[in-house]
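Chemist: I need the structure of the sequence given here:
(chains A and B)
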Amino acid sequence: MKYNVPSAVRIALCVVLLVIAYVLQTTLGLRIAVFGAHIDLLPLIVAAAALQMGPAAGMVCGLAAGILYDTTGLGAEGLYPLYYMICGIACGLVRGRLCRMERRGTMLCAIGMIALLAALRYLFYFQFGDISLLTFLRNVIVQAALAAVFSVPVLAVVRRIAGRKPQISVSPDA
Amino acid sequence: MRRIWNKVTHARWFPAAVIAAVICVAIAIFTGVSGQDSLLSRAVGTMLRPAQRAITHTAVHAADRYNKYFRYDQLVAENELLKKQVSDLNGRLEDAQAAVKENQDLRAMLGVAERNTSFVYASAEVIGRTLDEWSSVLTIDAGSADGLEKNDSVVTPQGMVGYISSLSEHSAQVTTIIDSNMSAGARMVRTGEIAVAQGDYQLMGNGKLKVRYLSRGADVVVGDTVQTSGSGGIFPKGLAIGTVESIQTESDGMSNYAVIEPMVEIPSLTRVFIITDIKADGQ
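Modeler: From the prediction side, this is the model:
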């Protein structure tokens, strides 16, 4: 017997997944460091939820992820929720175009979020400092590569929560 | 483009998104102007704190068990090394006590009042770390209810950790010495050279910071110890920051800077002490 879980419950489960990822990352330091850059699962979960369940899910998960970032006290609050909410909605809006390539779509969306945020921070913060552009770019590229790798298992988990089956390509001969 | 706009504005979630965006902007303005945390982040932090504390305790306990069973030989060797260091330090302590006694006698002869400062500490456990790639911030499980205030210095017995950058009633965020926002007056212990200790984004990834504005001819060598100078009014004088790892020339060629290895290993911190009061006695 199949259970028809309301979409609100599925979105709430994604928020719970965000909270779990946040708590594990900030306490156990469950962050894999590669050349000084760390993987962050929150943008991946937001992208996967938006692509699986649409803009509404992207909006809620983006807000939740931003609020979790704000609790670590990184400066003026409200900006992270706003940013990830907009990104979540945007990912949800392109869901139709990326429905045939879920994995690549999740990777692209997650990489886009991370790269855009890094670019905004560079433009509005580091332009007053003396950071090397090459070092900055290297870190962004490594973060993006890590996001691409980890977006696959994250997508698998979010797909389960969303109650969707993986896309199966059908051979023309079948 | 028009189709996308129509799709967005006619969606059921659009009004909620607009309201959420307005609230986010309002919170950003409020927290930016007032410097205080919002009620929402404080509430979320309070709800998550028990889970963070429980996981941290479990992780520390598991690490202790692991060390006990799988790193016993290493711990025995480390214990022997520490015993030798204690013995060496005891000898130096006796010499230092003799020097202090002589200093007191000379001050008494000259009629100079002795200046002592003592610190009042509160202790706290590290229950969280920043997710952001661009900062180094710790979360501790003590707040204003425990007597902490903004800009209080955070230390360990090894040296300086950072300062309280924001706090709520039962938790606080500590900006560490390697964060790019950190800046403190510094002093070379051996030579007395005054400089500025600053976090640096490029060095932060390696857990290091830099000491800037050293003159070109400054007598600084690898291994020199750096302490806070007390200037600036935030950090008291005499807190150990780190040791010089290398000396480089600034890009403008006018001065040098030193790369500093902190005394405190920030990624592995589990417990810190916060200086809540400084008492200076005069005679």
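
Chemist: Looking at chain B, which strand is longest?
Modeler: strand B:115-129 (DSSP state E).

Chemist: With adjacent residues omitted, what lies nearest to the residue positioned nearest the centre of chain B?
Modeler: Nearest residue to the geometric centre of chain B (Cα atoms, centre = their mean): B:Gly162, 1.9 Å. Excluding the flanking residues, the one nearest B:Gly162 by Cβ to Cβ, 6 or more residues apart in numbering or on different chains is B:Thr176, at 4.0 Å. (C-beta placed from N, C-alpha, C; glycine too.)

Chemist: cool, and A:Leu146?
Modeler: In space, A:Leu146 comes closest to A:Ile39 once its chain neighbours are excluded; the distance is 4.2 Å by Cβ to Cβ, 6+ apart.

Chemist: mean confidence score for the longest strand of chain B?
Modeler: For strand B:115-129, mean pLDDT rounds to 81.

Chemist: what helices or strands is that strand leaning on?
Modeler: With contacts taken as 3 or more Cβ pairs under 8 Å, 6 or more residues apart in numbering or on different chains; DSSP states H and E, strand B:115-129 sits against helix A:7-27, helix B:39-70, strand B:137-140, strand B:271-282.

Chemist: Tell me which strands that strand pairs with, and in which orientation.
Modeler: According to DSSP bridges, strand B:115-129 forms sheet pairs with strand B:137-140 (antiparallel), strand B:271-282 (antiparallel).

Chemist: any chance of those in JSON lines, plus mean pLDDT and mean neighbour count?
Modeler: As requested, the strands paired with strand B:115-129 are arranged in JSON lines below (pLDDT from 0 to 100; neighbours: other Cβ atoms under 10 Å in any protein chain shown):
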{"stretch": "strand B:137-140", "mean pLDDT": "91", "mean neighbour count": "25"}
{"stretch": "strand B:271-282", "mean pLDDT": "80", "mean neighbour count": "14"}
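
Chemist: Export the ones you listed to JSON lines and append columns for distance to B:Asn206.
Modeler: Output for the strands paired with strand B:115-129, formatted as JSON lines (distance: least, Cβ to Cβ, whole Å):
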{"stretch": "strand B:137-140", "distance to B:Asn206": "17"}
{"stretch": "strand B:271-282", "distance to B:Asn206": "21"}
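
Chemist: For the stretch 151-283 of chain B, what lies in contact range of chain A?
Modeler: Contacts of the stretch 151-283 of chain B with chain A, taken as Cβ under 8 Å from any Cβ of the partner chain, map to B:Ser165, B:Ser166, B:Gln173, B:Ser180, B:Tyr201, B:Gln202, B:Gly205, B:Asn206, B:Ser251, B:Pro267.

Chemist: Look up how far A:Leu51 lies from A:Cys109.
Modeler: Using Cβ to Cβ, to the nearest Å, one gets 6 Å for the distance from A:Cys109 to A:Leu51.

Chemist: So for the residue nearest to A:Leu146, what's the pLDDT?
Modeler: At A:Ile39, pLDDT is 75.

Chemist: what's the neighbour count on it?
Modeler: 20 (other Cβ atoms under 10 Å in any protein chain shown).

Chemist: I figured it was touching A:Pro153, is that so?
Modeler: No. A:Ile39 is beyond contact range of A:Pro153, at 11.1 Å (criterion: Cβ atoms under 8 Å).

Chemist: pLDDT averaged over the top helix by length along chain B - what is it?
Modeler: The residue-count maximum for a helix in chain B (DSSP state H) belongs to helix B:72-110. Averaging pLDDT along helix B:72-110 yields 80.

Chemist: hang on, A:Pro43 packs against A:Leu116?
Modeler: No. Contact criterion Cβ under 8 Å: A:Pro43 and A:Leu116 do not qualify, at 10.2 Å.

Chemist: more crowded one of the two?
Modeler: Higher neighbour count among A:Pro43 and A:Leu116: A:Pro43, with 26 against 14, using other Cβ under 10 Å.

Chemist: The more buried one: which element?
Modeler: Per DSSP states H and E, A:Pro43 falls inside helix A:41-53.

Chemist: near chain B, anything from that helix?
Modeler: Yes. Looking at helix A:41-53 against chain B by Cβ under 8 Å from any Cβ, the contacts come from A:Leu42.

Chemist: What are the buried residues along that helix?
Modeler: A:41-53 (16 or more other Cβ atoms under 10 Å in any protein chain shown).

Chemist: Could you export those as a markdown table, including distance to B:Leu106?
Modeler: As requested, the buried residues of helix A:41-53 are arranged in a markdown table below (distance: Cβ to Cβ, whole Å):
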| residue | distance to B:Leu106 |
| --- | --- |
| A:Leu41 | 62 |
| A:Leu42 | 61 |
| A:Pro43 | 64 |
| A:Leu44 | 66 |
| A:Ile45 | 67 |
| A:Val46 | 67 |
| A:Ala47 | 70 |
| A:Ala48 | 72 |
| A:Ala49 | 72 |
| A:Ala50 | 73 |
| A:Leu51 | 76 |
| A:Gln52 | 77 |
| A:Met53 | 77 |
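
Chemist: Tell me the one of the residues you listed nearest chain B?
Modeler: Checking these against chain B with Cβ to the nearest Cβ, the nearest one is A:Leu42 at 7.0 Å.

Chemist: where does the closest one land on pLDDT?
Modeler: 91.

Chemist: what about residue 78, how many neighbours?
Modeler: Using chain A. Around A:Gly78 there are 24 residues (other Cβ under 10 Å).

Chemist: look at chain B instead
Modeler: Neighbours of B:Glu78 (other Cβ under 10 Å): 11.

Chemist: Distance from the chain centre to stretch B:7-22, please.
Modeler: For stretch B:7-22, the gap between its own C-alpha mean and the chain's C-alpha mean amounts to 42 Å (Cα atoms, centre = their mean, to the nearest Å).

Chemist: before we move on, what about stretch B:260-271?
Modeler: For stretch B:260-271, the distance to the chain centre is 8 Å (Cα atoms, centre = their mean).

Chemist: Then stretch A:89-108?
Modeler: 12 Å.

Chemist: list the buried ones in that stretch?
Modeler: A:89-95, A:98, A:102-103, A:105-108.

Chemist: just the residues you listed that are near chain B?
Modeler: A:Ile89, A:Leu93.

Chemist: Let's have the buried residues of stretch A:89-108 in a markdown table, adding pLDDT, secondary structure and distance to B:Arg12.
Modeler: A markdown table is the format used below for the buried residues of stretch A:89-108 (pLDDT from 0 to 100; DSSP: H, G, I helix; E, B strand; the rest coil; distance: Cβ to Cβ, whole Å):
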| residue | pLDDT | secondary structure | distance to B:Arg12 |
| --- | --- | --- | --- |
| A:Ile89 | 93 | helix | 13 |
| A:Ala90 | 91 | helix | 17 |
| A:Cys91 | 90 | helix | 18 |
| A:Gly92 | 90 | helix | 13 |
| A:Leu93 | 88 | helix | 14 |
| A:Val94 | 86 | coil | 19 |
| A:Arg95 | 80 | coil | 16 |
| A:Leu98 | 68 | coil | 22 |
| A:Glu102 | 75 | helix | 24 |
| A:Arg103 | 79 | helix | 29 |
| A:Gly105 | 81 | helix | 23 |
| A:Thr106 | 83 | helix | 24 |
| A:Met107 | 82 | helix | 29 |
| A:Leu108 | 84 | helix | 26 |
